[in-house]
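A.B. asks: Let's see this in three dimensions:
(2 chains)
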There are 2 protein chains.
Amino acid sequence: MVDFKKAQEIINHEISALDFNREPKELYEPVNYILSIGGKRIRPALVLMACSLFSDQITHAVRPAIALEIFHNFTLLHDDMMDNSVLRRNQPTVHEKWNRNIAILSGDIMSILSYKYISYCPSGMLPTVLELFTETALEVCEGQQYDLNFETRNNIDVEDYLKMIELKTSVLIAASLKLGAILGGASLADADLLYEFGRNLGIAFQLRDDMLDVYGDTDKFGKKIGMDILANKKTYLILKTMEIADNKTGSQLSELISSRDFNPEEKINRVINIFDQLGIKELTIKKSEEYYEHALKTLDMVSVDQKSKSALKEFAMLLMDREH
Amino acid sequence: MVDFKKAQEIINHEISALDFNREPKELYEPVNYILSIGGKRIRPALVLMACSLFSDQITHAVRPAIALEIFHNFTLLHDDMMDNSVLRRNQPTVHEKWNRNIAILSGDIMSILSYKYISYCPSGMLPTVLELFTETALEVCEGQQYDLNFETRNNIDVEDYLKMIELKTSVLIAASLKLGAILGGASLADADLLYEFGRNLGIAFQLRDDMLDVYGDTDKFGKKIGMDILANKKTYLILKTMEIADNKTGSQLSELISSRDFNPEEKINRVINIFDQLGIKELTIKKSEEYYEHALKTLDMVSVDQKSKSALKEFAMLLMDREH
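C.D. replies: Prediction:
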């Protein structure tokens, strides 16, 4: 069984050796750049870990695993452009370092390169793998469009939000695990259980991430507190507040979100004050834990011995204990 | 043997019946829009025509053919954004009609949808088809990057230009024919001959298109004359002039291209005057004809009876006789 650290090492080694060996350099330099500035390699590592649950051979899974990392970075590259973000992993984003046309086109080429790498899977598995990958890729783009829609829509509820983060974040984590399972020769039932494990874990992680934006320890979380609040992002915390608050508190929150009259610190403090009144932190943790528990239960049902699953369990703990 | 008109009918019928049946609508409306505002459906029609050279059955080729049309329109959508074009087929471009974020994301989803449709080919052919499609897709993006590079580079020669139009335009036409041949069960040798036919025909067509921008009959060509000159595009005509002109004439042309002091009509007339002095129209037609003749010779070598090839020959004539 390959653990997360070992899987990361294999992936990082493979990525550092990537050479697309193609021209023009204007197109491939940004690809090498975004792939080299880090990232935790969660998705490709999960492919290898899931594969090793069912097979001692994982070499054939490495390039399809890389496909998911290329695809993930393609979505980051284009998302950063859509969000006008200037930094990614503390480095300039591609459209900042080069320009928007190069960002569009090098993103496009990464999307195609991800298909190149997914195609390296054993040919007998290709139709199944391709269907999983394409469906997931469509869902990730759909999730991003919902996220863009939410910026201007005011009638979103918690359910809409959960659907959006499932598409934008969870399905790619779920698909990583399912892809690994397929490549390891798992039964469809086991592959689907691992998908469910990843889907629920991904949602649990995103909810926890929303909570940490407000209640995280800056030193450990590595980001400033309240950035989602300042960006008027409709996170789970905001939407849960809207759901359970009385009319007066709901109006206060709406005003805080829509108004530009507050200084940043004041705005953050006022929103947190409302969250605290309603116990939103605890409700978010509870919801996240529900998904997390469901993820672990699904993992338990996968038909390999429990000991082999320890690496995936440890990974799940690592992902959820980001604050500690 | 399916002719171009029949192939167009099949493709148009299929495209008008396309229903991706997915949400959110903000993402899929632009996809339906760009696919519905016309276009000659050359690439998917060539898939069907090439397939029918080798097989009476073409039904299985329809959805992979649609993949090439979706891919082609994806590149138009993103190229229009990079070029800041406001019109496509006399209709507003997607980034004009909606916005740039929607144009980025609906282009991204079309790239993925093209893979969805290419995957509908018979599974035994999938590895070969996928490799052809991915290599071609990478080349088309590389061609677009060269085209962008050329805008700011001044040391381009005719050879660079021919390489660029081969990648940006010809390889997708070539790949359409090869894909059709593969789906029809052709030998690799015949499939490669059809690829060469398409590659040469595509270059011939682009050179003729460059010539018609300057020397075309406005009524028949359907565009205003001299638009490439006003846009300072480094077409074959410009680069050939630079290659054969003496220093004085070369300097005159450089000045005309770089200066903003001329009114549009004067600029066009002066450039045409230089072309006329050097016989650039005739040289361009000659070069185009060379590629065209080479294309036809390659088609002759395909190992099916000559009568079956008449539809492709007629198509080639149609493409080249755009002025008449």
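A.B. asks: from what I can see A:Ile42 touches A:Thr169, true?
C.D. replies: No. Counting by Cβ atoms under 8 Å, A:Ile42 does not reach A:Thr169; the two are 10.7 Å apart. Backbone N, C-alpha and C define where each C-beta goes, glycine included.
A.B. asks: quick one: which of the two has more around it?
C.D. replies: A:Ile42 (22 against 19; other Cβ atoms under 10 Å in any protein chain shown).
A.B. asks: per-residue confidence for the more buried one?
C.D. replies: pLDDT recorded at A:Ile42 is 97.
A.B. asks: Leaving out chain neighbours, which residue sits closest to it?
C.D. replies: Of all residues not flanking A:Ile42 in the chain, A:Ile173 sits nearest, at 7.0 Å (Cβ to Cβ, 6 or more residues apart in numbering or on different chains).
A.B. asks: Near the one you found, how many other residues are there?
C.D. replies: 26.
A.B. asks: pretty sure it contacts A:Asn200?
C.D. replies: No. A:Ile173 lies out of contact with A:Asn200 (Cβ under 8 Å); the separation is 9.7 Å.
A.B. asks: in terms of contact, does A:Leu299 touch A:Glu314 like I think?
C.D. replies: No. The criterion here is Cβ under 8 Å, and A:Leu299 misses it with A:Glu314 at 11.5 Å.
A.B. asks: The two: which is more packed in?
C.D. replies: Neighbour count, other Cβ under 10 Å: between A:Leu299 and A:Glu314, A:Leu299 has more, with 22 against 14.
A.B. asks: contacting residues around the residue lying closest to that one once chain neighbours are set aside?
C.D. replies: Once flanking residues are discounted, A:Leu299 sits nearest to A:Phe197: 4.6 Å by Cβ to Cβ, 6+ apart. For A:Phe197, the contact set (Cβ atoms under 8 Å, 6 or more residues apart in numbering or on different chains) comprises A:174, A:177, A:295-296, A:298-299, A:302, A:312.
A.B. asks: Which members of these occur in strands, if any?
C.D. replies: Residues of the contacts of A:Phe197 located in strands (DSSP state E): none.
A.B. asks: Redo these as CSV? Include distance to B:Lys97.
C.D. replies: Compiled in CSV, these are given as follows (distance: Cβ to Cβ, whole Å):
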residue, distance to B:Lys97
A:Ala174, 34
A:Leu177, 39
A:Ala295, 42
A:Leu296, 47
A:Thr298, 44
A:Leu299, 46
A:Val302, 48
A:Leu312, 46
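A.B. asks: TSV for the residues you listed, including pLDDT and distance to A:Leu319?
C.D. replies: Formatted as TSV, these follow (pLDDT from 0 to 100; distance: Cβ to Cβ, whole Å):
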residue	pLDDT	distance to A:Leu319
A:Ala174	98	14
A:Leu177	98	13
A:Ala295	98	10
A:Leu296	97	12
A:Thr298	98	15
A:Leu299	98	13
A:Val302	98	18
A:Leu312	97	10
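A.B. asks: among the residues you listed, which two are most distant?
C.D. replies: Across the contacts of A:Phe197, the longest distance by Cβ to Cβ is 14.6 Å; it joins A:Ala174 and A:Leu296.
A.B. asks: For stretch A:47-55, which outside residues touch it?
C.D. replies: Contacts for stretch A:47-55 (Cβ under 8 Å, 6+ apart): A:1-4, A:7, A:10-11, A:58, A:61-62, A:64-65, A:68, A:176-181, A:183-186, A:190, A:194, A:302, A:304, A:308-309, A:311-312, A:315.
A.B. asks: Extract the C-alpha trace of it and format it as PDB.
C.D. replies: Written as PDB, here are the backbone C-alpha positions of stretch A:47-55 (Å, rounded to 0.1, in the frame of the first residue of the first chain):
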ATOM      1  CA  VAL A  47      -5.000   7.900  -8.000                       C
ATOM      2  CA  LEU A  48      -1.900   6.000  -6.900                       C
ATOM      3  CA  MET A  49      -3.100   5.300  -3.400                       C
ATOM      4  CA  ALA A  50      -6.400   3.900  -4.700                       C
ATOM      5  CA  CYS A  51      -4.700   1.900  -7.400                       C
ATOM      6  CA  SER A  52      -2.400   0.300  -4.800                       C
ATOM      7  CA  LEU A  53      -5.400  -0.800  -2.700                       C
ATOM      8  CA  PHE A  54      -6.100  -3.400  -5.500                       C
ATOM      9  CA  SER A  55      -2.800  -3.900  -7.200                       C
END
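A.B. asks: which parts of stretch A:155-172 are buried?
C.D. replies: Using 16 or more other Cβ atoms under 10 Å in any protein chain shown as the test for burial, stretch A:155-172 gives A:156, A:158, A:161-172.
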